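> Predicted model and sequence below, questions to follow.
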Amino acid sequence: MTLPSSTDSRLRIALASRTLVMLVLIAGAGWISPCFGQDQASDEDPSVGRGTPQIVVPEPVFDFGQAWAGQRFVHEFSISNEGDGPLQITEVRVTCGCVLAEEFDRTILPGERGTVAVKMDTTKLRGTIYKKIRVTSNDPANSTVELAYRGEVTAYIELDPVTATWRSGANFRDDPTVSVRMTGQAGVEWRPRHRPSTSESVYSVEIEEVESGRVYDAKITPRSDLPEGRYNEQLVFDTNLELMPEVQIPCRFVQPPAVQIFPSRLSLPDRLPEGVNQNVEIRFNGIGEMNILSVEPTLTTIHPEVIVRKAGRVYRLTMTFDPDFHLEPGQNEEIVVGTDLEDHPRLVIPVMSRQAPAARAPTPTRSRPTTQREWTGKPAPEGTVRTAHGTEVGYRGPGTTTVLSFVASWCPNSRRQLAELTTVSEEWKDRAVDWVVIAEDQLRSPDAVAAWYSKLGVPFPIGVDATRGFSSMFGVQHLPSTFVIDEEGVIQALHGGIGHDFANNLRTQLSAIEEERELSASGDATSERRRVSVLERRLVPASLPSGYGWITVESRQQDLGWCAPGARIPFAISIRNDGLTDFEVREVQVESGHFLAGPVEVPLPPRTTTVLMVQVQAPDEPGDFRRRVTIRSSAAQPVLEMQLWGTVRTDG
């Protein structure tokens, strides 16, 4: 039925009025939110709202003062919000396993305070402690703040050394016992008692009292019948002290093979220059003695001589070669050494050609690394070079953690890295770490190289790899290059060049190896800003113009070293003629200095090395500086420009 229009209008008005009355009644009863029709905020989420939070930590560092190792602390750091918006604490991150973030207020309203509770256990801490805790929030201007524990931790009982280590296996002919001194603090009376291991131990322990109630020596000896391998064990000593109920001494022992040969093989060119010898060292690590009865090469052009370095234990084979010595590409020979050992009556040293056969089928994969980065995680190659005094240095195989650095006396970055390397080596002088430095100098004599590093205060013997054969085994492409090799002979880390945090990275890596932790990263990371010098393998172009000499220098950038402000620095530039005919040096120009002496206007025959002496003036201000040297000659490159780098020290 259709209603008249007036009736329809009255009906709509009545329905609307009744609906409005019902809504008012419902709202008054609290059944509908007073914010009906607006964006609503939950009472349980105060973080939703306008405004900007501002995090403030009145005392970000908690100084606990002096503490005994073993004490535990729980401290509540106060955090306030001085902004006009809710502060959200999204994360509390610790930087050490000795620190634990327990509870913290996740939301702090404007004008209010909250807390972050952090626990610290000092059981394994010693010395000055500064442990950071990072707090992340929604403060747009300061999203991360640092809290810290600070103080001094002293152990009731100090160990010297802290770890019992054997450098390269126990020599049971001598005394294989390592002594660890356990000293209680003054006024602390204590007594140790060795707790036998639940499993069969490879170590025997005796406790010797040095000072009644205070100082004891733990005499630790590995078993004499241990086969080749690595033996790590934690020896535990119970005490009568409540805060330090036990003392733990980590033991690290590597039993090397009964017989070791360094290098394990001889890789030779097809022909050797006259007068060049090759040395092989044979070392016996077992019980008793080893005597060499015979040495028989399969090639009659090789003549070995046995030199006794330590009777019954260490021998050196010095190989001389006839002028007609020759190895065909791919040819393999042997040197067979006869001994009086029942288990090793015949030792074989392979002799092989460095040149690959002319026709060799391509292989889909490369088994031997050729670049530095590829060496990480691989066994380190073995080899040695000689110092200026004729002693051999290098890497001789598993047994001891080794830091192997390739440097050059002309390389300024090598100088910077060696300064830090020396510092770390002093800190680790009581640890079982071998420090090996190899100089890649081709033109400077070994004596000049040794004198240069002696002047810089480098404490290591410097091996000289003039042919760059040893560095090529490691794929070295830049200087300095430092390899960190663990006791098992595996390259765990490498540093190509010197970065901003080389020393700390090296400390971390050595500690990880000592504690048998996995290394987190290599010092060769491309994200690290590094300073490197390129190591040129080929100093002469492949196609040299006929009728020309070729002037060769170690590098276009060479190192002047440390110097005093305003000093006049004499410097020797070694040059060599690697060309086909003579050439003459015609002029030497030196920026902020002058030419002193050298063979100017004198023919320099091919394959001849000489020295140009210059002198440069250092600036008065401390810091790095450079000086340009220009050499004009009749060689294939008539103008050769170099830069000499130096550093003015504030202490002179």
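Sure, I can see it.
> quick one: the strands in the stretch 551-652 of the chain?
Assigned by DSSP state E, counting those that start in this stretch, the stretch 551-652 of the chain shows strands spanning 551-552, 557-563, 568-577, 585-590, 593-597, 609-617, 623-633, 639-648.
> right, and those strands - which one's nearest residue 454?
Closest approach to residue 454 among the strands of the stretch 551-652 of the chain (Cβ to Cβ): strand 557-563, 11.7 Å. To be clear about C-beta, it is placed using only N, CA and C from the backbone, and glycine gets the same treatment.
> what's that closest one packed up against?
Contact here means 3 or more Cβ pairs under 8 Å, 6 or more residues apart in numbering; DSSP states H and E; on that basis strand 557-563 packs against helix 412-427, strand 568-577, strand 639-648.
> Give me the pLDDT for residue 107.
Here the pLDDT value assigned to residue 107 is 93.
> what residue ranges in the stretch 51-200 of the chain score low on pLDDT?
When residues are selected by pLDDT under 70, those of the stretch 51-200 of the chain lie in 167-175.
> Now with 50, please.
Within the stretch 51-200 of the chain, the stretches with pLDDT under 50 are 169-171.
> Which helix or which strand is home to the residue most central in space within the chain?
Most central in the chain under Cα atoms, centre = their mean is residue 506, positioned 3.4 Å from the mean C-alpha point. In the assignment (DSSP states H and E), residue 506 maps to helix 502-514.
> what is the orientation angle of that helix with helix 412-427?
Angle, helix 502-514 to helix 412-427, by axes from the mean of the first three to the mean of the last three Cα atoms, to 10 degrees: 50 degrees.
> Which strands or helices does helix 502-514 pack on?
Against helix 502-514 (3+ Cβ pairs under 8 Å, 6+ apart) you get strand 401-407, helix 412-427, strand 481-485, strand 491-496.
> on that earlier part again, any chance of the helices and strands packed on strand 557-563 in JSON lines, plus mean neighbour count?
JSON lines is the format used below for the helices and strands packed on strand 557-563 (neighbours: other Cβ atoms under 10 Å):
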{"stretch": "helix 412-427", "mean neighbour count": "20"}
{"stretch": "strand 568-577", "mean neighbour count": "19"}
{"stretch": "strand 639-648", "mean neighbour count": "18"}
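> Which among those is found nearest to residue 405?
The closest of the helices and strands packed on strand 557-563 to residue 405 is helix 412-427. By Cβ to Cβ, the value is 6.2 Å.
> after the closest one, next one along is what?
strand 433-439.
> For that following strand, which helices and strands make contact with it?
Short answer (3+ Cβ pairs under 8 Å, 6+ apart): strand 433-439 packs on strand 392-395, strand 401-407, helix 412-427, helix 446-455, strand 462-464.
> Any chance of those in a markdown table with mean pLDDT and distance to residue 158 as columns?
Output for these, formatted as a markdown table (pLDDT from 0 to 100; distance: least, Cβ to Cβ, whole Å):
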| stretch | mean pLDDT | distance to residue 158 |
| --- | --- | --- |
| strand 392-395 | 86 | 34 |
| strand 401-407 | 90 | 23 |
| helix 412-427 | 84 | 17 |
| helix 446-455 | 83 | 36 |
| strand 462-464 | 89 | 36 |
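> Present these as a markdown table; the columns should include distance to residue 632.
Below are the helices and strands packed on strand 433-439 laid out as a markdown table (distance: least, Cβ to Cβ, whole Å):
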| stretch | distance to residue 632 |
| --- | --- |
| strand 392-395 | 39 |
| strand 401-407 | 31 |
| helix 412-427 | 25 |
| helix 446-455 | 25 |
| strand 462-464 | 30 |
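> Which stretch among those approaches residue 579 most closely?
Nearest of these (Cβ to Cβ): helix 446-455, 23.5 Å.
> Return the alpha-carbon coordinates of the closest one using PDB.
C-alpha atoms of helix 446-455 as PDB (Å, rounded to 0.1, in the frame of the first residue of the first chain):
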ATOM      1  CA  PRO A 446     120.700  -9.700   2.600                       C
ATOM      2  CA  ASP A 447     123.100  -7.700   4.800                       C
ATOM      3  CA  ALA A 448     121.500  -4.400   3.700                       C
ATOM      4  CA  VAL A 449     118.000  -5.800   4.400                       C
ATOM      5  CA  ALA A 450     119.100  -7.000   7.900                       C
ATOM      6  CA  ALA A 451     120.700  -3.700   8.700                       C
ATOM      7  CA  TRP A 452     117.500  -1.800   7.600                       C
ATOM      8  CA  TYR A 453     115.200  -3.900   9.900                       C
ATOM      9  CA  SER A 454     117.800  -3.700  12.700                       C
ATOM     10  CA  LYS A 455     117.600   0.100  12.400                       C
END
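> Looking at the strands of the stretch 551-652 of the chain, spot the one closest to residue 204.
The nearest among the strands of the stretch 551-652 of the chain, by Cβ to Cβ, is strand 557-563 at 50.7 Å.
> Enumerate the positions of that closest one that are buried.
With burial defined by 16 or more other Cβ atoms under 10 Å, the residues of strand 557-563 counted as buried are 557, 558, 559, 560, 561, 562, 563.
> Please render the strands of the stretch 551-652 of the chain as a markdown table that adds mean pLDDT and distance to residue 59 to the earlier fields.
Converted to a markdown table, those look like this (pLDDT from 0 to 100; distance: least, Cβ to Cβ, whole Å):
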| stretch | mean pLDDT | distance to residue 59 |
| --- | --- | --- |
| strand 551-552 | 85 | 64 |
| strand 557-563 | 82 | 43 |
| strand 568-577 | 86 | 52 |
| strand 585-590 | 88 | 59 |
| strand 593-597 | 80 | 57 |
| strand 609-617 | 87 | 53 |
| strand 623-633 | 88 | 39 |
| strand 639-648 | 86 | 41 |
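> what about residue 180, distance to residue 130?
28 Å (Cβ to Cβ, to the nearest Å).
> ugh, wrong one, residue 144
17 Å.
> cool, residue 83 as well?
As judged by Cβ to Cβ, residue 83 and residue 130 stand 29 Å apart.
> Can you pick out the residue with more neighbours from those two?
residue 83 (21 against 10; other Cβ atoms under 10 Å).
> show me the contacts for that one.
Each residue near residue 83 by Cβ atoms under 8 Å, 6 or more residues apart in numbering is listed here: 51, 52, 53, 54, 110, 139.
> Please pick the buried ones from these.
Neighbour-count burial (16+ other Cβ under 10 Å) applied to these gives 53, 54, 110, 139.
> can I get those residues in CSV with secondary structure and distance to residue 77?
Compiled in CSV, the buried ones among the contacts of residue 83 are given as follows (DSSP: H, G, I helix; E, B strand; the rest coil; distance: Cβ to Cβ, whole Å):
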residue, secondary structure, distance to residue 77
53, coil, 17
54, coil, 17
110, coil, 19
139, coil, 16
